[in-house]
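Peer 1: Build me a structure from this.
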Amino acid sequence: MPQHSETRHLPYSPEQMFDLVADVKRYPEFLPWVSAMRVRKDGETETLADMIVGFKGLRETFTSRVEKLRPERISVDYVDGPLKYLRNDWRFRAAADGGCDIDFSVDFAFKNRVFEMLAGQVFGQALRRMIGAFEARADVLYAGSASAAAGGSNSSSAHNAA
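Peer 2: Numbers count the residues shown, from 1 in each chain. So this is what the prediction gives:
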């Protein structure tokens, strides 16, 4: 069962990063392997969405409930699809330099053992690519904004457990 947690520092405000992560309908524009999103419900505190993911000829639909506590936390819970479970948490904290510290964690397991083995083989690489896509999207959206802090160094500490 793949698990991962890490902390990243970005030169953007917690509100900006919250907005980026909460805007699930835009995921196909920048996240690798996400080919489509269908938002069933989108409210101030909760979103229900179907995400279609394709990888190496496989195509699956995941339904998730996204709970939003602005601007501190976003929690994603699995509703339906090929997984036994999925839990994904984002926490956004203001940093002294005006940027944001982001605590990210994900824990999931597939119902199908073949998918589980495949996921285990590429999990670290895929996760790094997806986290990098969020960072690159933040740079595109916010790098020139007045609320981005000067300096903009990315530092991270990561912990992996498989």
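Peer 1: where's R26 relative to K84, distance?
Peer 2: 28 Å (Cβ to Cβ, to the nearest Å). For glycine as for every other residue, the C-beta is placed from the backbone atoms N, C-alpha and C.
Peer 1: wait, what's in contact with the nearest residue to A136 once chain neighbours are set aside?
Peer 2: Leaving aside its sequence neighbours, A136 sits nearest to F30 (Cβ to Cβ, 6 or more residues apart in numbering; 7.1 Å). Residues in contact with F30 (Cβ atoms under 8 Å, 6 or more residues apart in numbering) are A133, F134, A136, R137, V140.
Peer 1: Please flag which of those residues sit within helices.
Peer 2: In helices, judged by DSSP state H, the following of those are found: A133, F134, A136, R137, V140.
Peer 1: and those, which are buried?
Peer 2: A133, F134, R137 (16 or more other Cβ atoms under 10 Å).
Peer 1: Reformat the residues you listed as a markdown table; add pLDDT and distance to T63.
Peer 2: Converted to a markdown table, those look like this (pLDDT from 0 to 100; distance: Cβ to Cβ, whole Å):
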| residue | pLDDT | distance to T63 |
| --- | --- | --- |
| A133 | 96 | 21 |
| F134 | 97 | 21 |
| R137 | 97 | 23 |
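Peer 1: Can you tell me which of these comes closest to I102?
Peer 2: I102 lies nearest to F134 out of those, by Cβ to Cβ, at 8.8 Å.
Peer 1: My read is that that closest one contacts A22, right?
Peer 2: No. Look at F134 against A22 with Cβ atoms under 8 Å: they stay out of range, at 11.9 Å.
Peer 1: how close does R59 get to R73?
Peer 2: From R59 to R73 the distance is 31 Å (Cβ to Cβ).
Peer 1: Apologies, that question was intended for P28.
Peer 2: Remark: distance between P28 and R73 (Cβ to Cβ) = 24 Å.
Peer 1: on that earlier part again, tell me the one of the buried ones among the ones in helices among the contacts of F30 nearest H9?
Peer 2: Using Cβ to Cβ, these come closest to H9 at F134, 13.4 Å.
Peer 1: and the closest one, what does it touch?
Peer 2: L20, V21, F30, L31.
Peer 1: Would you mind giving those residues as JSON lines with pLDDT, secondary structure and distance to P11 added?
Peer 2: Below are those laid out as JSON lines (pLDDT from 0 to 100; DSSP: H, G, I helix; E, B strand; the rest coil; distance: Cβ to Cβ, whole Å):
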{"residue": "L20", "pLDDT": "98", "secondary structure": "helix", "distance to P11": "13"}
{"residue": "V21", "pLDDT": "97", "secondary structure": "helix", "distance to P11": "16"}
{"residue": "F30", "pLDDT": "97", "secondary structure": "helix", "distance to P11": "18"}
{"residue": "L31", "pLDDT": "95", "secondary structure": "coil", "distance to P11": "21"}
